[in-house]
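Novice: All I have is the shape, not the residue letters:
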């Protein structure tokens, strides 16, 4: 009969191998956990950028569509900064109000003097508060749209073509 001789280091080799495998498993788990947290942060940042970019693009396009002489103004109603886009359809004056309320970008289209309030607007998308201002410049008027997001506000400035010499008239 052949006897196997056991070396005293065989048990240590097995324990060392198991400890090394355990360290590998723990490193893998921690890498996955850290990676998922990083992915979540990147996703949240991209979503926030999408909504702010989309809101500014939406408002910019509305202004470009309505850029006629005397059709763009800014008002404050119930403490809200409101962009007012006026239009004339078959001799009836209509207004489109664009504003934010309670974290939502809203739009209200109604006949001028209809009595509708900021509570009646239709939601467009989630959005940080937005403020509007029109500044008179040397060559015309500049509309400033400020998205009051944290940590730093974003601003879009639009030159109103209708305010310059030769600008488009209401048609």
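Specialist: Right, received. Where do you want to start? Just so it is clear, the structure is predicted and the values come from calculations on it, not from any experiment.

Novice: Per-residue pLDDT of the most centrally placed residue in the chain, please?
Specialist: Nearest to the geometric centre of the chain sits residue 52, at 1.8 Å (Cα atoms, centre = their mean). With respect to pLDDT, residue 52 scores 71.

Novice: For it, which residues are in contact?
Specialist: 127, 128, 147, 149, 154 (Cβ atoms under 8 Å, 6 or more residues apart in numbering). In this view, the C-beta of every residue, glycine as well, is placed from N, C-alpha and C.

Novice: of these, closest to residue 30?
Specialist: Of all these, residue 30 sits closest to residue 149, with 33.1 Å by Cβ to Cβ.

Novice: Which of the three states applies to the closest residue to the closest one other than its chain neighbours?
Specialist: Leaving out its chain neighbours, the residue that sits closest to residue 149 by Cβ to Cβ, 6 or more residues apart in numbering is residue 128, at 4.2 Å. Judged by DSSP: H, G, I helix; E, B strand; the rest coil, the three-state class of residue 128 is coil.

Novice: so what's the residue lying closest to residue 130 once chain neighbours are set aside up against?
Specialist: Closest residue to residue 130 apart from its sequence neighbours, by Cβ to Cβ, 6+ apart: residue 100 at 4.8 Å. Contacts for residue 100 (Cβ under 8 Å, 6+ apart) come out as 80, 106, 127, 128, 129, 130.
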